[in-house]
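A.B. asks: Any chance you can model this:
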Amino acid sequence: MSVSFWPLLAAALLSTLLTFADGHVRFVCPKPKSLTSSLYRRPPGSKGERQCDGKSKIPPADGTYTLLSPGPYTLRFEETEYHKNSPFRISLHQYGDNSFYCILLDQIPHNNEASTIGTYCDTDGGLIGGCKGSTYFITVHIPDIDCDNCYLQVTFINTDTSTGDTCRLDDYLCTAYCSMANVKIKATEPGMKNLSYCENYADNLYGKWPFTPRDIYKVKLPGLDPVTIVHEVTWQQLTFRTQLFEKGVVEYMSVCNETDNSTTHQLPLIQLPVEANSSHSELVMKYMVGEDFTVQDLQMLKAGQLHLHVTTTDGKDFYPSITLQKSLYEPGIYRQHSAPYTSAGWLAGPQFVGTTASYPIISWGFSNCSYTSRYFISQLHPTDETHHNTTLPHGVIGVTFMESRAVVTATFVGLIEELASVKFVGPDLGGAPDLVVNIENLTDQTIFIISVDASRQIPYFDTVQFLKRVEIYPRSDNPHPVMVGEFEEGMLSVIRGPDMRMVGQAVFQFSRDGEWHGLLMVRGVAAPVHSVQVFTESQSDQPDDPVLHLNKFLKPQPDGSLFGVLNITGQDSEFYLNLWLGKLYVAVVTDNMSADHSFYRGQVSVPGAWYCTSKEFGFCPVTVMQHAFFETYHKFTGFTPHGLASFVLDRVNVFYYSIHLEGFEPMETVTEVNILNGERTLVTLSSSTQNIQPGTRVFHLYGSIPGHSPEMLKYLTHGTLKVCVKTSLFKEEGIIGQIPMLQRTQCGKSQIITVGGTTGWSPNSTDISNLSIVQGDMLGFVYGATENVILLKDKDHFQRCDFTDSRPIGNKLLLSESKGTVLHPFPKPGTFYIASQSSCNSTQPLKMVLTVIDNIHHSEQYIKSHCRDSVYMVWRQAQLDKYHGVDGVAASLGGVVVGLVILSAVLLWDRLLNAESSGVNGFERF
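C.D. replies: Numbers count the residues shown, from 1 in each chain. Below you'll find the model as predicted:
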């Protein structure tokens, strides 16, 4: 919204009073610009920077920003001084640009059960995250814009100190405190460019936020029940509520500007479609300003100049006046306002949790600021036919468990009958009771979001007594489910469009060997789908990088939806690092020429803690990076380099590494990176001084070692190595991470590899180098008429280009007069020397050394369990095999797992204050 001001004189008179107000608020995550919680709204003309009025011109001195992506984002802030009934506002601003700012969420109610009493609830200049009794988690929409120097602001309006019933923020008669967090936002490819595109408040909401501006009107009818009219200003909607509809006594109802039917014959402004014997007590009528309802009509409505025309079934006509009773949640005007919250700081109540919730996303965690979520998935298939017949009903269920509730997201294709319920089935052994979600009254049963209470199921996390299966039941008399699927912990991506509407989901799971299996369903997009990709969010202003193309897995359905069974192998360390950092997204790009509706995407949730705590069955390619005395040092300084590293040993024993660290001091540099065996340096990955990325203060290193020694391979497979990053401040001990025990990928199929890529087997090719393949792979050589492919006798002959006792390899196939191809299998391991006879001694020699690695042979049972079965189901079956009754609950996979998400300096203080595990979740995410 555009910025406006009230008279300076009246505001200046209040400056002294505002200085002594004691209501405080502070961001915890993202990192606040200032650790103090006493920044207050200064009137115009006062000394010092007016930081809380959205006019800040001073960017952060150290250039530190948090990088955000468009879409839902959960903020965390804390109230350091209690003020009953005092609401909050979240807004987005840009340094140096006062033209626009965007209100992301307004009229956020206060938690009157909050308590700021606590040892670590420091108000000014202290450590943040300690106000456990007054923490708030609020999910907002980050707009799809580009902004390199923006800041988020939470404003705390102290309505309990105002002199009247209302508190108008812009006239500076309100006591208001604020906290700011510096952020960078990078738009998607079709995204907008500046804050003017998010100025319309309604565009920043995920549906019907209950506290948007509204006017309440009352209409009295002689001898009949009254009519209440709610005018929701944001949504341009009139809702008529009366018991007359249910009683079936209304035949006609309209809004008009006539007092009786004899004064004028003009048509009614709005006519309601009243149905006889309606079973509902309200009718909702949407209108468009300038079409159904003019601006003048709205002015007349608020001035009491419009009437309600009611005709009853017995022929009586009434023309009572429509009278404004009260206005609520007007922009910039605040009243005492509170709502129920959970003990951890999430909004509760029927507006946010339950099958009738109007704004369930507020109780759903998105981002690293929210650390209590666990994600479960189910791939649903029909019960009476083959799973691969995609013309029959299929579905995807995602469940996000947080505190005592579960957010259920569902996408179905091929439905042929209406549904009644989604049933999450508990175990036969006793434990978690069934969780049944009633969906028969949903307007759209093919795709929906519902938040429900799950307090009776969550205590059974990480045991075989937790929920095990999902069943979908029809509304008909058929007592059997129409779809079923296993219920397991996994990864979830909820795909949304620019209008924030959910259009589909993708769910993923690992096999024991690290294959990424999944199911994707998309429906309701605005145009034919051009491509579906998985991409990674870049750390800079560079374009995001597509890492997977999923088109080959997709099957269009008769109803226009997309269905795809995903089987993805052979990913390197960058893929896994970005997955554990929460930086992978599923993107759906359509052929729509309108940029506003061509790009849909959803973030892939971070894998759960048990992947790294279940040593027997888990798949964990990541490790935490931190200083040996990290907690002690960080407690007193607030900053220490920390992060994640990922490692992969691929099918030909190439070792990939990716290291991601943040939390550096402004002038700190990285001096060297080594792999250690004990205290001995085995390999140096980097020996030159490297600067930290400005702005984000992030260090990132990626590389591979294709020809490591047998000694190193032995250490990697036994998990005895460490990676050490030394900096200009940590010169001796360094930042340390234990490299997890690695093994080669064992599930890949034999491959055909084209030597030289698109250029082929040619001296001009820059892609020809020494190569490693697996026994059973086949090489393809495409070459010109003057070249050939010769297998030389040994290394000595290869180095001298001596073709004595050499032989051509493969079967030559003629492509054209100037091109030919050779395909040659390598069924035995060993080292082979290959060259072209005519170009072996060229300036750029056409020759290569080929290493064929021994294939790993296992029984069919091993291949099935490692390559196809999900790690969760393998773990569950193993627990069942040794289960001895209800009293013998299997051991938890959980416990505190530090660092599955990058440990931000702000959130780390939270962990230092709460080292114990969450009582309901079994682990905490950071």
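A.B. asks: Tell me which residue lies farthest from the centre of the protein.
C.D. replies: In the chain, the greatest distance from the average C-alpha position (CA atoms, centre = their mean) is reached by T804, at 61.4 Å.
A.B. asks: Just to check, that residue is in contact with D796?
C.D. replies: No: contact criterion CB atoms under 8 Å: T804 and D796 do not qualify, at 10.5 Å. From N, CA and C alone the C-beta is placed, and that goes for glycine too.
A.B. asks: hey, where'd the helices end up in the stretch 1-150 of the chain?
C.D. replies: For the stretch 1-150 of the chain, the helices defined by DSSP state H, counting those that start in this stretch cover 8-13, 15-19.
A.B. asks: about what we covered before: can you tell me how far the residue farthest from the centre of the chain is from S762?
C.D. replies: From T804 across to S762, the span is 25 Å (CB to CB, to the nearest Å).
A.B. asks: Kindly confirm my reading that the residue farthest from the centre of the chain is in a strand.
C.D. replies: No: secondary structure of T804 (DSSP: H, G, I helix; E, B strand; the rest coil): coil, not part of a strand.
A.B. asks: what's near enough to touch it?
C.D. replies: 793, 797 (CB atoms under 8 Å, 6 or more residues apart in numbering).
A.B. asks: Would you mind giving the domain segments of this structure?
C.D. replies: Structurally, the chain divides into domains by automatic domain parsing as follows: 8-204, 214-328, 372-603, 622-738, 752-853.
A.B. asks: For stretch 67-77, give the mean pLDDT please.
C.D. replies: The average pLDDT within stretch 67-77 is 90.
A.B. asks: That should have said stretch 379-399, apologies.
C.D. replies: pLDDT averaged over stretch 379-399 gives 79.
A.B. asks: Same check on stretch 783-799?
C.D. replies: pLDDT averaged over stretch 783-799 gives 91.
A.B. asks: which regions of the stretch 201-350 of the chain sit below the pLDDT cut-off?
C.D. replies: 246, 258-267, 275-281, 289 (pLDDT under 70).
A.B. asks: Run through the helices of it in chain order.
C.D. replies: So, for the stretch 201-350 of the chain - with DSSP H, counting those that start in this stretch - the helices run 244-247, 295-302.
A.B. asks: K882 is nearest to which of those helices?
C.D. replies: For the helices of the stretch 201-350 of the chain, the distance to K882 is smallest for helix 244-247, at 58.1 Å, taking CB to CB.
A.B. asks: list the buried ones in the closest one?
C.D. replies: By neighbour count on 16 or more other CB atoms under 10 Å, the buried set for helix 244-247 is 244-245.
A.B. asks: Give the other helices and strands that that helix contacts.
C.D. replies: For helix 244-247, there is no helix or strand it packs on, judged by 3 or more CB pairs under 8 Å, 6 or more residues apart in numbering; DSSP states H and E.
A.B. asks: about what we covered before: W364 is nearest to which of the domains of the chain?
C.D. replies: Nearest of the domains of the chain (CB to CB): domain 372-603, 4.7 Å.
A.B. asks: With distance to F655 as new columns, can the helices of the stretch 201-350 of the chain be given to me in a markdown table?
C.D. replies: Output for the helices of the stretch 201-350 of the chain, formatted as a markdown table (distance: least, CB to CB, whole Å):
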| stretch | distance to F655 |
| --- | --- |
| helix 244-247 | 71 |
| helix 295-302 | 68 |
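A.B. asks: Pull the number of nearby residues for P213.
C.D. replies: 18 (other CB atoms under 10 Å).
A.B. asks: If you could redo that for E711, that was the one I meant.
C.D. replies: Residues near E711, counting by other CB under 10 Å: 10.
A.B. asks: Correct me if wrong, but it is in a helix.
C.D. replies: Yes: according to three-state DSSP, E711 belongs to a helix.
A.B. asks: got the contact list for V755?
C.D. replies: By CB under 8 Å, 6+ apart, V755 lies in contact with 761, 768, 771, 779-781, 848.
A.B. asks: out of the residues you listed, which one sits closest to T161?
C.D. replies: For these, the nearest to T161 is L771 (73.6 Å; CB to CB).
A.B. asks: Tell me which helix or strand N855 sits in.
C.D. replies: Assigned by DSSP states H and E, N855 belongs to neither a helix nor a strand.
A.B. asks: And it, how close does it get to R651?
C.D. replies: From N855 to R651 the distance is 9 Å (CB to CB).
A.B. asks: Which of those two has more residues huddled nearby?
C.D. replies: More crowded of N855 and R651, by other CB under 10 Å: R651, with 21 against 16.
A.B. asks: SS state for the more buried one?
C.D. replies: Secondary structure for R651, judged by three-state DSSP, is coil.
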